[in-house]
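Trainee: how would this look folded up:
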Amino acid sequence: MTDHAPSPTELREEMRGAVMWLTIDREARRNAISADVLAGLSDALARANRNTDVRAVVITGAGTRAFCAGADLQSGSAFKFDYSQPYQGFANLFRQARQSTVPLIARVNGACMAGGMGLMGMCDMAVASSQAVFGLPEVKVGLFPAQVLSVLGDLLPHRVLSEMCITGEPITAAQALEHGLVNRVSDDVDESVDWLLGRMLDKSPAAIRRGLYTMKKIEAMAFEESMAFTESQIALFALTEDAAEGQLAFREKRKPQWSGR
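Mentor: Below is the predicted model of the structure:
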């Protein structure tokens, strides 16, 4: 059975070579998150991880004003949940991202606010326009960042994160780069995306897939547990076809021909 993209009207999906591009298409609402957007992102990530031909996923927003403004407050139902369900949709998307062995790249083309910070934070890498701003303004509407803290806590210094949460004041793209929240900042955000993709797509698909699995598994482990896990993982890396090809190509002074296995 072939995987097909669903047809949510608010999330555009496009394959550009081996890269899946997901664009939140709600420009009039500053690309705020809706049920369609959430369902589309979840479905797309699931399919990307099932399809070894997909080498990366880029997540972005339509236009130039906003990457994602977070929950759609205009709807009046942004924070109404079915409390009989222990697991909520946005949190489950973060769980999916944590389990993804396909690299996720956030292309932050404008304002990245509230839940948008969560979408950016769940990605493995992020690049930003020099005009982008980053903020957690929930206190301004009587709320407080909650789910997004789970993906931002390891990305921002504690004092910076506390100030952003408590004051609701944003930081600039330059400050985000200084704090390590993003990998690159450029006047041309696509130049940064192309730079990352260009240096990733020529590498071993198997090594990246198994490598992301390893990196994410050890994040919550204590040192000895982490060492026990990684010392067994390195042997599995070496057993892949890509590892054999990569080392042979190095000895023969040629470019490797990756099989992805």
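Trainee: Now residue 217. Nearest residue, chain neighbours left out?
Mentor: With Cβ to Cβ, 6 or more residues apart in numbering as the criterion, residue 217 has its nearest non-adjacent residue at 6.4 Å, and that residue is residue 229. Every residue, glycine included, has its C-beta placed from N, CA and C.
Trainee: in a strand, that's where that neighbour is, yeah?
Mentor: No - counting by DSSP: H, G, I helix; E, B strand; the rest coil, residue 229 falls outside a strand, being helix.
Trainee: Now do the contacts for it.
Mentor: 214, 217-218, 221 (Cβ atoms under 8 Å, 6 or more residues apart in numbering).
Trainee: Distance across stretch 128-146, terminal residue to terminal residue?
Mentor: 23 Å (Cα to Cα, to the nearest Å).
Trainee: if we look at it, which residues are touching it?
Mentor: Here stretch 128-146 makes contact (Cβ under 8 Å, 6+ apart) with 64, 67, 73, 79, 108-114, 117, 120, 148, 152, 164-177, 181-182, 184-187, 189, 192.
Trainee: ok, now with 7 Å
Mentor: Contacts with stretch 128-146, where a contact means Cβ atoms under 7 Å, 6 or more residues apart in numbering, come from 67, 73, 108-114, 117, 164-166, 168-173, 176, 181-182, 185-187, 189.
Trainee: Show me which residues of that stretch are buried.
Mentor: Under the neighbour-count criterion of 16 or more other Cβ atoms under 10 Å, stretch 128-146 has 128-129, 131-138, 143, 145 buried.
Trainee: Quick one: buried ones out of the contacts of stretch 128-146?
Mentor: Buried members of these, scored by 16+ other Cβ under 10 Å, are 67, 108-114, 117, 164-165, 168, 170-171, 173, 176, 181-182, 185, 189.
Trainee: Go through those and flag which are in strands.
Mentor: The members of the buried ones among the contacts of stretch 128-146 that map onto strands under DSSP state E are 67, 108, 111-113, 171, 185.
Trainee: Can you pull the poorly scored residue ranges out of the stretch 1-150 of the chain?
Mentor: 1-8, 74-87 (pLDDT under 70).
Trainee: Show me the strands in it, by range?
Mentor: 11-16, 19-24, 56-61, 66-68, 104-108, 111-113, 125-129, 133-135 (DSSP state E, counting those that start in this stretch).
Trainee: could you say what helices and strands the fourth one packs with?
Mentor: Applying 3 or more Cβ pairs under 7 Å, 6 or more residues apart in numbering; DSSP states H and E, one finds that strand 66-68 makes contact with strand 56-61, strand 111-113, helix 115-122.
Trainee: Show residues contacting the shortest one.
Mentor: Spelled out, it's strand 111-113. Outside strand 111-113, the residues that touch it by Cβ under 7 Å, 6+ apart are 30, 65-70, 120, 132-135, 137.
Trainee: which one is residue 128 nearest to, not counting chain neighbours?
Mentor: Excluding its sequence neighbours, the residue lying closest to residue 128 (Cβ to Cβ, 6+ apart) is residue 108, at 4.0 Å.
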